[in-house]
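[1] prediction below, plus the sequence it came from.
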Amino acid sequence: MPISRLPNPIIETQEGTKEFSYKLREISSSLERKNKIYMAVFYSKLSAQQLLEKYKNVCPNSLEREYIPVSNLENEKFPFVISKRDRGINVLFCICSSDFFNRNILRWLNSLYPYIVLPILKQQELRTILISIRNLLEVEQVNIISATSKRWLDKKDIIGKKYTESFRSWTNLSIEEAFLKAKEENRWFTSVSVLIQKKGREVKTSLSRQGILWTNRWFDEYLEVVEKIITYFVQKLNIFSARSRQETKEVRPLSIIYDERIFENKEEREQFINIITKIPNFGYSILHSNPYIQISLYDVKDGSSFELLIQDGNSIILFPQIKSSISAFNRLVGYIFENFKEGEIKDLE
Amino acid sequence: MHRQQIIDEEIQKIREECDNYKHTVWALHAFGSFICWDEEKKEKIPEASFTFGRRLYIKDNLPVTPDLIIEKNPKYGIVVEAKKFLPANRDYWNREVAQLLKYDEIQGGWLSVDKVEVYDIAFLIDIGMAVKVVDFFKENNYFEKFIHSIGIVGFEHTEETRGIYITLKKEGGKFSDLQIDELLRTVKKVPLDKIWKDSQKIMFYDARPPRLHVVRILWEHVLSSMISEETWSTEKHHHILEVSINEVKEKMQEYYGQKPQRENDREIPPQKWIRDALDFLVEVRLAEKIDEERYRIHWKKLKHKDTLRTFAILELKLKKSKKRLCKEEDQLEFPNFL
């Protein structure tokens, strides 16, 4: 089905109005079992229509080929809505099956890098947002029922240069307990699903590190949760912005600081080099590897480039070059957080 | 020796050459920062400044270009020449001394004034060679031949738990500024933190770098910054950039070298280094020469993600194009899109 003939594919709307929320509530009450309400925050300077056009260029015919009509919603004319906020922040609302979301919408969002940037939520931020869901909905117990996590492999389990493994687990712990346990086991969550008991009904909600939130029943309070995701996202975007040397005419590096000395020995440094050089769609040159690390990195998709320097045991310095876009910064730091270790991002001026 | 070992060693050699060049630039930055630093007040001396590759003049208005000019104040300056290593052949050493002797005759062209009241000469050399150079100066009575004070300063980068330091130590000769002379008598450590901003802004000095050092910076930082939607070729599936030497040179100078600001400033990197780097891209079929001034660059994701390694292998392949060097080399074909 050509994009132009998709049933009202995009509605650009202003900040979540009462009517909008009402509509979501109305639809959610008659939601088919397989369908969920998805919310994805992203950053883009382009309009929704421009993004669709771009997608046509990046993956011609893809939406047409893979569009799966969501039976009820075709009549409702509500496949997805993009709510535009200030300074390039957008919120996408979509009511569909997880299959449709992952195969179409999420793929669409990811394929449009660098035009679209998705957030990276740190573990602490994931935890805070989940607790805020519990507080906003005024329920006593919200338990984590399933999660996907990553963990460092033990030395004996390392095969080749794969240092981490992802796995899915099922549990019934409170948010606090689950995060504490994960920390003890040296794991970190990539997505978390919770079960909420509200007004005699069981509501499932999930949140991923990319800030994608879904639920099988709408509550107006979710709009506030989305605002929290936006706040964390904007904080990081502000740190990443105005770093390109062609823009600032200055060198404005930032550092990722760790609370422990994690680059102390050769093994740890080698491990970091192996991880960072695997970042997809980045080229690199290892300028120095031991004992200090200096690597030049460039984003093949966007043309941004950086110099990465590790000269002490507990921080990574990223020097922006002629072009170092917000998108590329977000991708590079997000990759380090996801695949190596989360740290605190600080301005180095 | 196994073919793979040969190629790895060659690549390591290229990597070390680039590294040595970078460390020499760092040493120049560190020395300039050290001289311009007020130890008591713990701040930069407001009137002090240093610049790379400025042309000064000697008698008959003939130009000389030391690697670094430092003007501590209008009364005192230092001209600096730096070398990471000197070849074993002593003829080169004598040539170096002859060059330094030219700096002994400087008549003007300084930064804030045409002529500082007093100036010294500094020769920066890797700390491992510095004592040998001092001995060479002594054996040949070269110190006596200089009218101005000359100090031989050894440098090296040291890596400690707290970070990287550029270590400076005077191994012979003297500086007429007694405070500087005294401070450099013992090891002086300049933390890289002090110079990181400058070392990002200036990656070249007046000496010619290894060709791949220029090619790498050109590919990773300069040409990459020029790609856009408009340069994307849907037919070739990579970016096609039409650039002029001048345009590339301007960018390299603005962000990684020095654009002439004043009358006697030199261009760093000069056009010939850029031309050489672009010609390399033509040789390895990542670019086409349109005419003498313009090139068409095929900017793309390289087959091997490690850029320096890819270029090093391509350079080796260029050198030994008729030999089958090793499996890896055979696998790395020249991009076939022209």
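    Yep, that arrived.

[2] drop to CA atoms for contacts and neighbour counts, all remaining ones
    Will do.

[3] the closest residue to B:Lys289 other than its chain neighbours is in what secondary structure piece?
    With sequence-adjacent residues excluded and distances taken as C-alpha to C-alpha, 6 or more residues apart in numbering or on different chains, B:Lys289 is closest to B:Tyr295, at 4.5 Å. Taking DSSP states H and E as the criterion, the element that holds B:Tyr295 is strand B:294-299.

[4] is chain A within reach of the following helix or strand past that strand?
    As assigned by DSSP H and E, the chain's next helix or strand after strand B:294-299 is helix B:307-319. Yes: Helix B:307-319 comes into contact with chain A (C-alpha under 8 Å from any C-alpha of the partner chain), by way of B:Thr307, B:Leu308, B:Arg309.

[5] follow-up on the earlier one: so for the strand holding B:Tyr295, what's the average pLDDT?
    Model confidence over strand B:294-299 averages 98 on the pLDDT scale.

[6] which stretches of the stretch 201-349 of chain A form strands?
    Under the criterion DSSP state E, counting those that start in this stretch, the stretch 201-349 of chain A carries strands at the ranges A:201-208, A:212-215, A:254-257, A:282-288, A:293-299, A:305-310, A:315-320, A:344-347.

[7] show me what the fifth one is packed against.
    By that I understand strand A:293-299. Packing contacts for strand A:293-299, counted by 3 or more C-alpha pairs under 8 Å, 6 or more residues apart in numbering or on different chains; DSSP states H and E, involve strand A:282-288, strand A:305-310.

[8] pick the most buried one from the ones you listed.
    Across the helices and strands packed on strand A:293-299, averaging neighbours per residue (mean count of other C-alpha atoms under 10 Å in any protein chain shown) puts strand A:305-310 on top, at a mean of 24.

[9] that older thread, and the strands of the stretch 201-349 of chain A as JSON lines, adding mean pLDDT?
    As requested, the strands of the stretch 201-349 of chain A are arranged in JSON lines below (pLDDT from 0 to 100):
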{"stretch": "strand A:201-208", "mean pLDDT": "92"}
{"stretch": "strand A:212-215", "mean pLDDT": "95"}
{"stretch": "strand A:254-257", "mean pLDDT": "96"}
{"stretch": "strand A:282-288", "mean pLDDT": "94"}
{"stretch": "strand A:293-299", "mean pLDDT": "96"}
{"stretch": "strand A:305-310", "mean pLDDT": "96"}
{"stretch": "strand A:315-320", "mean pLDDT": "96"}
{"stretch": "strand A:344-347", "mean pLDDT": "94"}
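
[10] including distance to B:Tyr76, could these go into a markdown table?
    Written out in a markdown table, the entries for the strands of the stretch 201-349 of chain A read as follows (distance: least, C-alpha to C-alpha, whole Å):
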| stretch | distance to B:Tyr76 |
| --- | --- |
| strand A:201-208 | 62 |
| strand A:212-215 | 63 |
| strand A:254-257 | 37 |
| strand A:282-288 | 37 |
| strand A:293-299 | 36 |
| strand A:305-310 | 35 |
| strand A:315-320 | 34 |
| strand A:344-347 | 37 |
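
[11] mind giving me the packing neighbours of the strand or helix carrying B:Glu9?
    Under the assignment given by DSSP H and E, the secondary-structure element containing B:Glu9 is helix B:3-35. Helix B:3-35 sits against strand A:282-288, strand B:68-73, strand B:76-83, strand B:150-160, strand B:163-173, helix B:192-201, helix B:211-217, helix B:307-319, with contacts defined as 3+ C-alpha pairs under 8 Å, 6+ apart.

[12] and the contacts of the fourth one?
    The set of residues external to strand B:150-160 that reach it, using C-alpha atoms under 8 Å, 6 or more residues apart in numbering or on different chains, is A:291-292, A:311-312, B:23, B:27, B:120-130, B:133-134, B:143, B:164-175.

[13] buried sites along it?
    Of the residues in strand B:150-160, B:Ile150, B:Gly151, B:Ile152, B:Val153, B:Gly154, B:Phe155, B:Glu156, B:His157, B:Thr158, B:Glu159 count as buried by neighbour count, 16 or more other C-alpha atoms under 10 Å in any protein chain shown.

[14] tell me the predicted confidence for the first one.
    Model confidence at B:Ile150, expressed as pLDDT, equals 97.

[15] next one: it relative to A:Ile336, how far apart?
    Here the criterion is C-alpha to C-alpha, to the nearest Å. By it, B:Ile150 lies 48 Å from A:Ile336.
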